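[1] Sharing a sequence plus its predicted fold:
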Amino acid sequence: MNRGTLLSLEGSRRVPAPDIPQTVAPQLARLVKAPPSGAVWVHEVKFDGYRTLMRVVKGKARLLTRKGLDWTHRFPEISQDGACLPDCLIDGEICALDQEDITDFGALQQALSSGKTGALIYFVFDCLFASGLDYRKSPLEERKRVLEALLEGAPRTPHMRYVPHFAEDGASMLEAACKAGLEGIISKRLDAPYASGRGDTWTKSKCRGGQEVVIGGWRGDENTLRSLLVGAYEGDALLYMGRVGTGFPAKIAADLLSKLRPLRRERPPFSNPPRGRDFIYVEPKLVGEIAFENITSDRIFRQPSFKGLRLDKDAKSVVIETAENTAEATRTSDMQVKRAAARSRNTKHAGDLIVSGIRISHPDKVLWPKTRDTEAITKRALAEYFEAAAARMLPHIAGRPISVVRAPDGIDGEHFFQRHKLVGTAVPMLPIKVSGESEPYLGIADEHALVALAQAGVLEIHPWGSKKGAPDSPERIILDLDPSPELPFARVIEGAKEVRERLMRLGFTPFVKTTGGKGLHVVIAVKGTPKQPITWKDAKAFAKAMAVAIAADSPSRYTTTIAKKARTGKIFVDYLRNDRTSTGVAPWSPRARPRATIAVPIAWSQVKTGLDPQAFTIEASAPLLKRADAWADLAKSARPIAAAMRKMGAST
C-alpha cells in the first residue's frame, strides 16, 4: 500500500509523525458467555502473553505496557525488528510459544527471568497510527488492511507476526480453538473504530476460566510456599477468592517467596479473610494470572492453577470478571458503532460527490429513514454500496434485461417499477432487444452504470434469469419460498433444505440467497444441449413440476396457489419467476423496505437456526462483501434439465 492510498482512506485524520502519542490506553475485550455471531463480527486467536503497544518514530521502536511502562529493554529482538518499520503506533501481544506453536505464559515468564528473549514473538493485530495518519476513527477492516501492508512492506521481521481474522461462525471457531489447546478467541466488529478501555465491540470467549488475581498472602512459612491466597477487588474492598496450590514448581515458588517476603503485613488485606493456620499476609501489590474450572456460588475459585505474575497490571485494576450476556453485548456494540458513525457523518462534506466517475447530486438525501436499530441510509451510501458490491452483482445482472424499482424521494415516497429506458436520467444504458417488444429493455454493462442507477434513485434491481446477451436462453431456475406472515423463519429454513435435497437427488448443485424479505431463494444453474437448447417453456415446466411435487407431498406445509387466503400457515413455492419477462431480485440488490435490507447469497452452512436475513443491510454490508463468494461456482455447476424432467415424470 503506497502513501497515496493511505491518505485517501475515509475516517483517517492527518497527524504529523512527531505527534504520535507517547502511549494510548489499549482497547480491551469484554468477557461474554458465547462468541457473538453476525456479518459484522470476525474472530482472532486469543493470546496468552503481555499486551504491548509499539511506537516507532524515526527508526526507533519503543515497547509500552498497558500501564504505559517502557519495556523496550526487556525485548531487544522485537524492538530491533520494529525499528525497520515506518513511523507508526501498533497494538499486539508478546508471547512465548511451545512446541505446538501455542502461547505459553509460563515460558514467557521464564524467558523474561533469564533474559533469553530471542524466541519470543510479537503478534500484531491493530494499527492506530501510520504514515502520518491517525486511524483510530477508522473501522477495524481498514486498520487491519493498513497493518498488513505495513508489515509486508518492512524488511525481514522474524519476531513479529500479523494476526489474521476469520469470518467464521464464532461458536465453531471457539470449539476449534479449544480442541487445539488455545486460550479462546477474541471477537471484533469489523465496522468499529478503536476505542480505548473496555467496551463491547471487542469480546472474548475462553476455553477455560482464567483471570488476573491479587496476591494477598501465602500459606506456609518463611521458606515454604504451599499455596497463594488470592482475590480481586469489588469496589475498594479486596475480596478473598481462594487458595492456589498448583502451578509453581520449586524454582518459581522460590522466586515468588523472594517477592512476597518484603511485602509482609500483620493483618489480612481481604475484606472477608480466610480462616486457617500458617497464613502469612502481604500488601496487595502483586498480580498473578490463574486458570480455573469455575467460580462457586460463594465466589471461590475451583481447581485454580498458577500461571505466572503479571508485572504489567496494577493490582487496583483487578476485578472479578463476569461473563456478559452475548445478546446484550451485541446490542451495546451496535449503539457504540452507530454513535461513532454519526459523529463521522457529521463531519462530511454535504455537496455533490463523484463515485466511480458518476456525479451524485444531493448525496445527503435520505432514501431509507433511520429505524430503531439502523441509521438512515442516504443517496451517498447507496452509490458507495453499489460501487463496493459491483464485483459481486455484475456477474448476475450485466448484459441481461433488468427491471428496477425507483424511489427518488426514498422508500416513503412514490415508487416506480420500470423495465425500459429511464427517462430524464443519465444512466449509461445498454439497450437489450427483446423479441416481441417494441422498446428495448434496460440493461447495464459495468460498475459506472450500476452506480448511475443510484443517482437515478433505483433502490431495487430485478434481472431476468437469462444468459448474458441472450434473453431467450434461461440459465438459472429460482424456487422462491414465500412464507405466510405468521410462520416463523425456521419453517423457511426447513423448506429450503428440503428443496435442496430434492434438487440434489436430481443431480443439481443448489445455491441459496436471502431476499431482503422474509423468504429464501433456492437457485440452480441450467443449460441445454447442442441438440436440445433450453427454452423458457422448459424452465417454467421444470420449476412448476418441482413446486407441485413439493406441495403434493406436504400439502399442509406448502402450496403453489398464489391466492393469499390459500397460503395461510403454508409456504408458497413460487415457480412463476421462471417465465420469459419474469424476474427475481438480484443477488446483493437492496430492497425498498425499512432498514435497507439486501438480498445476500449465502453458504448452505449458514442456513440454520440463528440465520437472520434482516441483519443483512447496506449498513452492515462491508464485512459481508469481504467474505468468500458463496455463489462463485454457480455458473459452472449448470446441468441439463431434460434428464431431471424425465426422472420426475414431468412433460415439457
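    Thanks, I have the structure now.

[2] what residue ranges in the stretch 351-500 of the chain score low on pLDDT?
    Confidence mapping of the stretch 351-500 of the chain against pLDDT under 70 gives the ranges 351-352, 422-427.

[3] for it, what spans make up the helices?
    With DSSP state H, counting those that start in this stretch, the ranges of helices along the stretch 351-500 of the chain come out as 379-397, 447-455, 489-505.

[4] Dump those helices into TSV; add distance to residue 134 as well.
    Just so you know, the C-beta spots here come from the backbone N, C-alpha and C atoms, and that holds for glycine as well. Output for those, formatted as TSV (distance: least, C-beta to C-beta, whole Å):
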stretch	distance to residue 134
helix 379-397	22
helix 447-455	30
helix 489-505	42
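
[5] What are the structural domain limits within the protein?
    Segmentation of the chain into domains, based on automatic domain parsing, reads 3-10+28-168, 209-313, 353-471, 472-587+631-648.

[6] who wins for proximity to residue 617 among the ones you listed?
    For residue 617, the closest of those is domain 353-471, at 6.1 Å, according to C-beta to C-beta.

[7] Compute the distance between the nearest residue to residue 264 once chain neighbours are set aside and residue 248, please.
    By the measure of C-beta to C-beta, 6 or more residues apart in numbering, the closest residue to residue 264 outside its immediate chain neighbours is residue 282, 5.6 Å from it. To residue 248, residue 282 is 16 Å away according to C-beta to C-beta, to the nearest Å.

[8] Over to residue 588?
    56 Å.

[9] more neighbours, those two?
    With neighbours defined as other C-beta atoms under 10 Å, residue 588 and residue 248 compare such that residue 588 has more, 28 against 22.

[10] What ranges does the stretch 1-150 of the chain have for its helices?
    Taking DSSP H, counting those that start in this stretch as the criterion, the stretch 1-150 of the chain contains helices spanning 3-8, 76-82, 105-114, 140-152.

[11] Let me have the ones you listed in TSV, extended by distance to residue 312.
    TSV is the format used below for these (distance: least, C-beta to C-beta, whole Å):
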stretch	distance to residue 312
helix 3-8	31
helix 76-82	15
helix 105-114	11
helix 140-152	22
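
[12] which stretch among these comes nearest residue 385?
    Closest approach to residue 385 among the helices of the stretch 1-150 of the chain (C-beta to C-beta): helix 140-152, 15.0 Å.

[13] Check which residues of that closest one are buried.
    140-151 (16 or more other C-beta atoms under 10 Å).

[14] Could you tell me the average pLDDT over that helix, please?
    On average, the pLDDT along helix 140-152 is 90.

[15] now the buried residues of helix 140-152 as CSV including distance to residue 549?
    What follows is the buried residues of helix 140-152, written out as CSV (distance: C-beta to C-beta, whole Å):
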residue, distance to residue 549
140, 47
141, 45
142, 49
143, 52
144, 48
145, 49
146, 54
147, 53
148, 50
149, 54
150, 57
151, 56
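
[16] Which member of those residues is positioned nearest residue 514?
    Residue 514 has its nearest neighbour among the buried residues of helix 140-152 in residue 141, at 21.8 Å by C-beta to C-beta.

[17] Just give the nearest non-adjacent residue to that closest one, would you?
    The nearest residue in space to residue 141 (C-beta to C-beta, 6+ apart) is residue 190, at 4.5 Å.

[18] Residue 642 too?
    residue 532 (6.2 Å).

[19] Ok, residue 163 next?
    residue 125 (3.9 Å).

[20] roughly how far apart are the one you found and residue 48?
    Residue 125 is 14 Å from residue 48, by C-beta to C-beta.

[21] And residue 323, by the same measure?
    Applying C-beta to C-beta, the value for residue 323 to residue 48 is 18 Å.

[22] neighbour-wise, which of those two wins?
    Neighbour count, other C-beta under 10 Å: between residue 323 and residue 48, residue 48 has more, with 22 against 16.

[23] That one contacts residue 107, doesn't it?
    No - Residue 48 is beyond contact range of residue 107, at 9.9 Å (criterion: C-beta atoms under 8 Å).

[24] quick one on the thing from earlier: wait, the residue nearest to residue 642 touches residue 643, no?
    No - if you go by C-beta under 8 Å, residue 532 and residue 643 don't touch, sitting 10.9 Å apart.

[25] ok, which stretches of the stretch 501-650 of the chain are strands?
    Ranges of strands in the stretch 501-650 of the chain, per DSSP state E, counting those that start in this stretch, are 511-514, 520-527, 558-559, 571-574, 601-602, 639-640.

[26] Report the distance from the fifth one to the chain centre.
    Right, strand 601-602. Here strand 601-602 is found 15 Å from its chain centre; the criterion is C-alpha atoms, centre = their mean, to the nearest Å.

[27] Please name the strands paired to it in the sheet, noting orientation.
    Using DSSP bridges, strand 601-602 pairs in its sheet with strand 511-514 (antiparallel).

[28] cool, and the last one?
    For strand 639-640, the paired strands and their directions (DSSP bridges) are strand 520-527 (parallel).

[29] Off-centre distance for the strand it pairs with?
    Here strand 520-527 is found 27 Å from its chain centre; the criterion is C-alpha atoms, centre = their mean.

[30] What average pLDDT does that strand get?
    96.

[31] Then stretch 324-338?
    Stretch 324-338 carries an average pLDDT of 77.

[32] For that stretch, buried residues please.
    For stretch 324-338, the neighbour count (16+ other C-beta under 10 Å) marks 324, 326, 329-330, 333-334, 336-338 as buried.

[33] Tabulate the residues you listed (CSV), appending secondary structure and distance to residue 236.
    Below are these laid out as CSV (DSSP: H, G, I helix; E, B strand; the rest coil; distance: C-beta to C-beta, whole Å):
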residue, secondary structure, distance to residue 236
324, strand, 23
326, helix, 30
329, helix, 27
330, helix, 32
333, helix, 30
334, helix, 33
336, helix, 28
337, helix, 34
338, helix, 35
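
[34] Export those as TSV, with columns for distance to residue 453.
    Below are these laid out as TSV (distance: C-beta to C-beta, whole Å):
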residue	distance to residue 453
324	43
326	38
329	38
330	33
333	32
334	29
336	33
337	28
338	27
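
[35] With distance to residue 621 as added columns, please give the domains of the chain in a markdown table.
    Conversion of the domains of the chain to a markdown table gives the following (distance: least, C-beta to C-beta, whole Å):
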| stretch | distance to residue 621 |
| --- | --- |
| domain 3-10+28-168 | 8 |
| domain 209-313 | 36 |
| domain 353-471 | 6 |
| domain 472-587+631-648 | 12 |
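
[36] Tell me the spacing between residue 48 and residue 114.
    Computed as C-beta to C-beta, the residue 48 to residue 114 distance reads 19 Å.
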